[in-house]
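A.B. asks: Prediction below, plus the sequence it came from.
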Amino acid sequence: MELSLTACGPEAMVQSALETPEPPAQVQETPDTVPDSPSESLEPELEVTEGTETYRGFQMDNVLHAPEGDIHYHIYIPDSYDGSEAYALFLTLPGYEGLYFQGMGQNLYSENFAFEALNYNDRMIVVAPQLSDWGETSAAQTIALTEYLLAHYNIDQERVYAEGYSGGGETMSRVMGMRPDLFAAYLQCSSQWDGAYEPVVEARVPVYFVIGEGDEYYGSEPSREAYNRLYDLYTAAGLTREEISQLLVLDIKVADYFREGGAPNQHGGGNLFAQDPEIMGWLFSQG
């Protein structure tokens with residue numbers, strides 16, 4: 001696996017794709033969705049323009065036309081899904097190299113989180129939004145897309161998971177500071193926390209921070225600071241150390257972790273976390 005430095009600002013270094021995209025296949029049929037409840041039927045119906053290509057089982061470049069703007073996303077729906085059983089849901093937000101202006105599908109071509117997630121639950125819908133920034137706009141669009149998915153598919157709301165890598169972690173931390181109630185757990189990879197802390201503590205949403213000790217873009221200190229802020233808030237709320245350990249994990253990886261994984265640097269090497277069963281296993285064991 002070829003890995004290189006990725007970041008999440010205009011000055012970011014370009015990351016090479018982890019794999020060469022396969023030729024587009026025929027579009028897969030969109031499965032039936034769960035009928036709207038009476039309360040949902042009163043809401044304005046959002047329209048989706050479905051993509052016409054597939055890649056490794058994902059229907060590519062669907063567009064949700066929402067008040068927050070057009071939201072591009074790729075979606076994997078297991079063949080077994082027919083709407084009769086509640087499935088888990090996983091959202092993965094990419095780093096700078098995977099944003100939409102980098103090219104349609106670059107998030108899936110350059111990161112493996114979406115594909116590795118399928119090894120943990122065969123009854124899970126996986127969604128890979130491809131947004132256009134790592135700030136307030138992308139956070140609002142992530143919330144809008146999550147709400148749409150929860151309304152239109154039969155989802156077990158106790159098994160809604162999120163992961164954000166690099167710039168995607170900045171976005172998802174904002175989402176967690178705004179609507180933590182939407183998620184059962186959050187995995188932040190090689191990033192920094194830009195959102196509020198108090199709502200996460202109030203909602204008791206488990207968070208796992210993982211980053212290289214010498215991450216070339218962020219360094220590990222922002223993750224330590226975020227962990228400590230959340231830890232202090234839980235302590236103030238009266239939780240014991242053991243209780244907090246069930247909600248918070250700080251995982252700082254040393255240089256050998258990346259060298260042994262064949263990564264040329266620690267920030268781009270964050271893609272290794274997708275293949276780490278301890279990290280990904282933690283996320284999908286929550287809820």
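C.D. replies: Looks like it arrived, so ask away. Numbers count the residues shown, from 1 in each chain.
A.B. asks: What sits closest to Tyr193 if chain neighbours are left out?
C.D. replies: Actually, residue 193 is Trp. It isn't Tyr. Distances taken as C-beta to C-beta, 6 or more residues apart in numbering place Ala226 nearest to Trp193, at 3.7 Å, with adjacent residues excluded. C-beta: built from backbone N, CA, C; applies to glycine.
A.B. asks: thinking the one you found is in contact with Phe209, fair?
C.D. replies: Yes: in terms of C-beta atoms under 8 Å, Ala226 counts as a neighbour of Phe209; the distance is 6.5 Å.
A.B. asks: more crowded one of those two?
C.D. replies: Comparing Ala226 with Phe209 by other C-beta atoms under 10 Å, the one with more neighbours is Phe209, at 26 against 23.
A.B. asks: and the gap between that one and Thr54?
C.D. replies: Distance from Phe209 to Thr54, counting by C-beta to C-beta, to the nearest Å: 34 Å.
A.B. asks: Could you check how many residues crowd around Gln106?
C.D. replies: Gln106 has 20 nearby residues by other C-beta under 10 Å.
A.B. asks: and if you look at the one 4 residues further on?
C.D. replies: Using other C-beta under 10 Å as the criterion, Ser110 is surrounded by 26 other residues.
A.B. asks: Please look at it and Leu99 and confirm they touch.
C.D. replies: No: look at Ser110 against Leu99 with C-beta under 8 Å: they stay out of range, at 10.6 Å.
A.B. asks: Pairing partners for the strand ranked longest in the chain, with directions?
C.D. replies: Of all the segments assigned as strand in the chain under DSSP state E, the longest by residue count is strand 155-165. Partners of strand 155-165 in the sheet, by DSSP bridges, are strand 87-93 (parallel), strand 185-189 (parallel).
A.B. asks: Mind putting those strands into CSV with mean pLDDT and mean neighbour count?
C.D. replies: Below are those laid out as CSV (pLDDT from 0 to 100; neighbours: other C-beta atoms under 10 Å):
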stretch, mean pLDDT, mean neighbour count
strand 87-93, 98, 25
strand 185-189, 98, 26
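A.B. asks: and of the ones you listed, who's closest to Gly269?
C.D. replies: Taking C-beta to C-beta, strand 185-189 is the member of these nearest to Gly269, at 10.3 Å.
A.B. asks: what helices or strands is the host helix or strand of the residue nearest to Trp193 leaning on?
C.D. replies: Under the criterion of DSSP states H and E, Ala226 resides in helix 221-236. Under the contact criterion of 3 or more C-beta pairs under 8 Å, 6 or more residues apart in numbering; DSSP states H and E, helix 221-236 touches helix 198-203, strand 207-212, helix 241-245, strand 248-253.
A.B. asks: Out of the ones you listed, indicate the one that is most buried.
C.D. replies: Counting by mean count of other C-beta atoms under 10 Å, strand 207-212 has the highest mean neighbour count of the helices and strands packed on helix 221-236, with a mean of 26.
A.B. asks: centre of the chain versus that one, how much separation?
C.D. replies: Relative to the centre of its chain, strand 207-212 is centred 13 Å away, using C-alpha atoms, centre = their mean, to the nearest Å.
A.B. asks: Quick check: neighbours of that strand in the sheet, parallel or antiparallel?
C.D. replies: Paired with strand 207-212 in the same sheet, following DSSP bridges, are strand 185-189 (parallel), strand 248-253 (parallel).
A.B. asks: will you turn those strands into JSON lines that also has distance to Ala86?
C.D. replies: Below are the strands paired with strand 207-212 laid out as JSON lines (distance: least, C-beta to C-beta, whole Å):
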{"stretch": "strand 185-189", "distance to Ala86": "17"}
{"stretch": "strand 248-253", "distance to Ala86": "27"}
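A.B. asks: which stretches of the stretch 1-150 of the chain form helices?
C.D. replies: Per DSSP state H, counting those that start in this stretch, the stretch 1-150 of the chain carries helices over the ranges 38-41, 106-110, 113-116, 136-152.
A.B. asks: so where's the stretch 101-250 of the chain uncertain?
C.D. replies: For the stretch 101-250 of the chain, no stretch is flagged by pLDDT under 70.
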